[in-house]
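Q: got a predicted structure plus its sequence, pasted below:
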Amino acid sequence: MQQLPANGAMTAVFAESDIVEPLIQRYPDLAIAGLNAPGETVISGSRGAMRLILETLAKRAIRAIPLKVSHAFHSPLMLPMIEEFRSILNEIEFHAPEITVLSNLTGEPVSSNSIIQPEYWLQHVLNPVRFADSVRFCQESGYQTFLEIGPKPILTGLAKKTWGDHPAHWMQALSPYGGPLEDFSKTLGTLFEQGHAIHWSKLANVRVTPGTPLPNYPFQRQRHWVTTTPKASEIPTSQNQHPILGAEFPGQGDQPDDKVWIKRINAGAFDGYATQGRETIPPSWFVEAAHAAWKSKHETACVCDNVEFSPPSISNDSLELQTTLRIRLDGQCTVKFFSRSTPDDIWQSAAAIDIAPASTTSSSALPKQAMNFGIMFFNGTESETPEDNYRLVLESTRFADRNGFNSVWV
């Protein structure tokens, strides 16, 4: 097929086939290539004849869109390849299908005997694709669940036009907007909800394991309850709160040993420090706050392995910042920062820092309260001004260099 001259063209015509067919009869190398949906017909043939028919369609105010193809498929221009294709098909060992197969050649179920004959596939090359007829057969037969297997849900849209307002479930295995695993898993979940049997163990690289039972008595010391964060009016303003972390709220973490602080930061608290034209919190403050959270539990020096920044804007008069310290089973700590502009807002991630006790070798030359750093991740918003983006890179690089980071990701 690819050896044929690339002199063919195909066009989607937005009209019924009984209107299009009389118009193309005067051109022997033009043919109906597809009946996709009501009012959507595809024609195929030579480029010269296609230019002429497009002029005719335009005069009759019939909308037509040329398709990006290499050859004129399903048209007489395919005839030169038929005999060679026949010889290749004769070498293939066909097997009858085990499930019902709808033929787009006829719009009806194909017999197990005809689909294994070379002649059936030769006719598919030359004749139109009757997709709309196949959809109508499904509707008349009572089918209501449809799954499109392909990179884009193109056929689903065509099928819906033929289907009309009748009830049906339309799903796609993949879409151009999400991840393949996420899209496919969502589709399988929808099929499962509708009562279809899913062989989960057949999924590639997925090991089905029994679920983990949740404790039903309070002695395992694992929290499974939704915690509430204090309102702005509940944040103490006394001098007893930590100068950097703010007021501590015992028992507010997801784990029993978590420590949580909330601090209200007023606009101008950092002398107007700004990034990309917006007032924000300097990265050095997050590092100092993480160090303070560490010191609330430890007396030793520490090592900072990973630092991720997504600094919030101080858009209103003040900003609430939540600091959470979690001690992991390996003895290391994770300090996470969340921010919100008003008490009614949802907490947004602002930074995350992993901290570990300094080893004997790495801390031999470090003071008792020192911190050693590894990698810093700095997330900034896109800017239309190249100078702002350059300033972000420059500032984060200077900060990393001053504070001993080995590498920077911006």
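A: Good, I have the coordinates. Numbers count the residues shown, from 1 in each chain.

Q: which helix or strand contains the spatially most central residue of the chain?
A: Nearest residue to the geometric centre of the chain (Cα atoms, centre = their mean): G178, 2.6 Å. Counting by DSSP states H and E, no helix or strand carries G178.

Q: any idea how far P153 is from it?
A: According to Cβ to Cβ, to the nearest Å, G178 stands 12 Å off from P153. (C-beta placed from N, C-alpha, C; glycine too.)

Q: now do the contacts for the residue nearest to the centre of the chain.
A: Listed by Cβ atoms under 8 Å, 6 or more residues apart in numbering, G178 has no contact partners.

Q: residue boundaries of the helices in the stretch 201-350 of the chain?
A: 283-295 (DSSP state H, counting those that start in this stretch).

Q: which parts of stretch 6-13 are buried?
A: By neighbour count on 16 or more other Cβ atoms under 10 Å, the buried set for stretch 6-13 is G8, A9, M10, T11, A12, V13.

Q: mind checking which of those land in strands?
A: Of the buried residues of stretch 6-13, the ones assigned to strands by DSSP state E are G8, A9, M10, T11, A12, V13.

Q: what sits against C138?
A: Going by Cβ under 8 Å, 6+ apart, C138 touches L102, F146.

Q: assumed it was part of a strand.
A: No - C138 is assigned helix when assessed by DSSP: H, G, I helix; E, B strand; the rest coil, not a strand.

Q: do you know the pLDDT at it?
A: Note on C138: pLDDT of 94.

Q: just to revisit the earlier point, list just the nearest of the ones in strands among the buried residues of stretch 6-13 to F146.
A: F146 lies nearest to A12 out of these, by Cβ to Cβ, at 21.7 Å.

Q: quick check: the closest one touching A64?
A: Yes - counting by Cβ atoms under 8 Å, A64 is a contact partner of A12 at 6.8 Å.

Q: about what we covered before: got the ones in strands among the buried residues of stretch 6-13 as CSV, with distance to I24 and pLDDT columns?
A: As requested, those are exported to CSV (distance: Cβ to Cβ, whole Å; pLDDT from 0 to 100):
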residue, distance to I24, pLDDT
G8, 14, 91
A9, 13, 94
M10, 12, 95
T11, 10, 96
A12, 14, 95
V13, 9, 95
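
Q: quick check, nearest of these to E55?
A: T11 (12.0 Å).

Q: distance of that closest one relative to A72?
A: For T11, the distance to A72 - Cβ to Cβ - is 10 Å.

Q: for V101, grab phi and psi.
A: phi -120, psi 120 (degrees, to the nearest 10).

Q: mind listing what it touches?
A: P109, V110, I115.

Q: what about these, which are in strands?
A: Assigned to strands by DSSP E, the following of the contacts of V101 qualify: P109.

Q: mind checking which of the contacts of V101 are buried?
A: Buried residues within these, counting neighbours by 16+ other Cβ under 10 Å: V110, I115.

Q: closest to E83 among the contacts of V101?
A: Nearest member of those to E83, counting by Cβ to Cβ, is I115, at 21.0 Å.

Q: ok, which stretches of the stretch 151-300 of the chain are strands?
A: Under the criterion DSSP state E, counting those that start in this stretch, the stretch 151-300 of the chain contains strands at 169-172, 247-248, 259-266, 274-275, 278-279.

Q: can you tell me which of those strands is most buried?
A: For the strands of the stretch 151-300 of the chain, the largest average neighbour count (mean count of other Cβ atoms under 10 Å) is found in strand 259-266, namely a mean of 20.

Q: how far does it sit from its chain's centre?
A: Its chain's average C-alpha position is 34 Å from that of strand 259-266, according to Cα atoms, centre = their mean, to the nearest Å.

Q: let me see the mean pLDDT of that strand.
A: In this model, strand 259-266 carries a mean pLDDT of 88.

Q: same for it, what does it pack against?
A: With contacts taken as 3 or more Cβ pairs under 8 Å, 6 or more residues apart in numbering; DSSP states H and E, strand 259-266 sits against strand 247-248, strand 318-327.

Q: what strands flank that strand, and is each parallel or antiparallel?
A: As defined by DSSP bridges, the strand partners of strand 259-266 come to strand 247-248 (antiparallel), strand 318-327 (antiparallel).

Q: and the pLDDT at L147?
A: pLDDT, read off for L147, is 92.

Q: confirm that it lies within a strand, as I assumed.
A: Yes - under three-state DSSP, L147 sits within a strand.

Q: I'd assumed L191 was in contact with it.
A: Yes - the pair L147 / L191 is scored as a contact, 7.3 Å apart, by Cβ under 8 Å.

Q: now the common contact residues for those two.
A: The contact lists of L147 and L191 share M171, where a contact means Cβ under 8 Å, 6+ apart.

Q: got any ranges where this protein has weak pLDDT?
A: 204-240, 251-256, 276, 316, 359-410 (pLDDT under 70).

Q: follow-up on the earlier one: could you dump the strands of the stretch 151-300 of the chain to CSV with distance to T323?
A: CSV is the format used below for those (distance: least, Cβ to Cβ, whole Å):
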stretch, distance to T323
strand 169-172, 43
strand 247-248, 9
strand 259-266, 5
strand 274-275, 20
strand 278-279, 20
